[in-house]
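this is a predicted model, with the sequence first.
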Amino acid sequence: MVTVAFAQLGQLLAGTVGSALTTAALTFKLAFTDADSPELLTETLRALAGLEFGGSLVMRARLVFVGIAAALVFTITDGFRSTKRPNRKLNFVLLVTF
């Protein structure tokens, strides 16, 4: 799905963006679980959660949500700019109704 949305950027860059967002979300989730209830994590996961990367939980959450929002905005605008899809107007109607 990521490679389809970012087709103009190339498959390698799309995979990189998708992997970066997934990694950021996973490390945030592990760090949040480690801060809230560390007994749920094994030693290996606790070591991964301990990798700070220089940011707090709030900064990690902001990074994940801004990345997801940027990917969403790019995907939607790229879909409306595409002239290869014959049902562009139908998709806009569906987007507005939901």
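Perfect, thanks for sending it.

distance check, the residue nearest to Ala31 when sequence neighbours are not counted against Leu63.
Sequence neighbours aside, Ala49 is the residue nearest to Ala31 in space, at 4.8 Å (criterion: Cβ to Cβ, 6 or more residues apart in numbering). From N, CA and C alone the C-beta is placed, and that goes for glycine too. Per Cβ to Cβ, to the nearest Å, Ala49 is found 16 Å from Leu63.

isn't the residue nearest to Ala31 right up against Thr42?
No - Ala49 lies out of contact with Thr42 (Cβ atoms under 8 Å); the separation is 10.4 Å.

name the residue in these two with the higher neighbour count.
Ala49 (20 against 8; other Cβ atoms under 10 Å).

model confidence at that one, what's the number?
According to the prediction, Ala49 has pLDDT 71.

residue contacts, it?
Thr27, Leu30, Ala31, Thr33, Asp34, Leu41 (Cβ atoms under 8 Å, 6 or more residues apart in numbering).

buried subset of the residues you listed, written for PyMOL?
This is the PyMOL syntax for the buried subset of the contacts of Ala49, where burial follows 16 or more other Cβ atoms under 10 Å:
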select buried, resi 27+30+31+33+34+41
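
in helices only, show me the contacts of Ala49.
Thr27, Leu30, Ala31, Thr33, Asp34 (DSSP state H).

out of the residues you listed, who's nearest Ala69?
Thr27 (18.3 Å; Cβ to Cβ).
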